[in-house]
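[1] Structure, please.
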Amino acid sequence: MKECFSLLILVLLCVVPLSANETLSFPEAYGAQLPSDASIGQIVSGEEGSAEAITRQALMNSYGPGWLEEYVSEVLRKAFTNTYDQQLVSLLPAKQVQVGKAVVRSDLYEVPFCVHEPDYQWGTMVWTRSEDERWVLLAIKIEPSL
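    Model (predicted):
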């Protein structure tokens, strides 16, 4: 009798739907976690307006004067061009871009990224917010291809 009663309870628990607050879709239940990359850690999709999203956008756009105006403050453009020009010419526009979760250090957002095509490369973009709340790129580090 005990076994029948236990079986009945199990069947009812499986059949009775959960309340609306307890039902989650698969992405909600598991946080829609993307895979991890050995170089950049947990891959994230990046919400609109986030440092991760602006990193993906910057990497997928063509490098040139318009790119510099969009992402680098006027004060830093000349130094930025002198320092990173050759790296950015060879990298941008990148394809198959993945970004990792930003590491926040005070007002700086360090966003790891990797590019899979034509060669695997990875690095970090360092962003901050300007006075008008626009993302401004301060530095970029690109590791050599594997």
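[2] use CA for all of it now, contacts and neighbours both
    OK.
[3] number of nearby residues for Gln98?
    23 (other CA atoms under 10 Å).
[4] Bridge partners for it, pull those for me.
    Cys114 (DSSP bridges).
[5] in what helix or strand does Ala139 lie?
    strand 135-142 (DSSP states H and E).
[6] how about that strand: buried residues?
    Neighbour-count burial for strand 135-142 flags 135-138, 140, 142 (criterion: 16 or more other CA atoms under 10 Å).
[7] ok, now stretch 85-94?
    88, 91-92, 94.
[8] returning to that earlier point: now the buried residues of strand 135-142 in JSON lines, with pLDDT and distance to Arg77?
    JSON lines is the format used below for the buried residues of strand 135-142 (pLDDT from 0 to 100; distance: CA to CA, whole Å):
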{"residue": "Trp135", "pLDDT": "97", "distance to Arg77": "14"}
{"residue": "Val136", "pLDDT": "97", "distance to Arg77": "11"}
{"residue": "Leu137", "pLDDT": "97", "distance to Arg77": "10"}
{"residue": "Leu138", "pLDDT": "95", "distance to Arg77": "10"}
{"residue": "Ile140", "pLDDT": "94", "distance to Arg77": "13"}
{"residue": "Ile142", "pLDDT": "89", "distance to Arg77": "18"}
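[9] What sits closest to Val103 if chain neighbours are left out?
    Glu110 (5.0 Å; CA to CA, 6 or more residues apart in numbering).
[10] For that neighbour, give me its contacts.
    102-104, 124-127 (CA atoms under 8 Å, 6 or more residues apart in numbering).
[11] What strand or helix carries it?
    Element membership of Glu110 [criterion: DSSP H and E] is strand 108-117.
[12] Tabulate the CA atom coordinates of that strand in PDB.
    The C-alpha coordinates for strand 108-117 follow below in PDB (Å, rounded to 0.1, in the frame of the first residue of the first chain):
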ATOM      1  CA  LEU A 108      37.900  51.000 -16.600                       C
ATOM      2  CA  TYR A 109      36.200  48.100 -18.400                       C
ATOM      3  CA  GLU A 110      38.700  45.400 -19.700                       C
ATOM      4  CA  VAL A 111      36.900  43.300 -22.200                       C
ATOM      5  CA  PRO A 112      38.700  40.100 -23.400                       C
ATOM      6  CA  PHE A 113      38.000  39.100 -27.000                       C
ATOM      7  CA  CYS A 114      39.000  36.500 -29.600                       C
ATOM      8  CA  VAL A 115      38.800  36.400 -33.300                       C
ATOM      9  CA  HIS A 116      38.800  33.100 -35.100                       C
ATOM     10  CA  GLU A 117      39.300  34.100 -38.700                       C
END
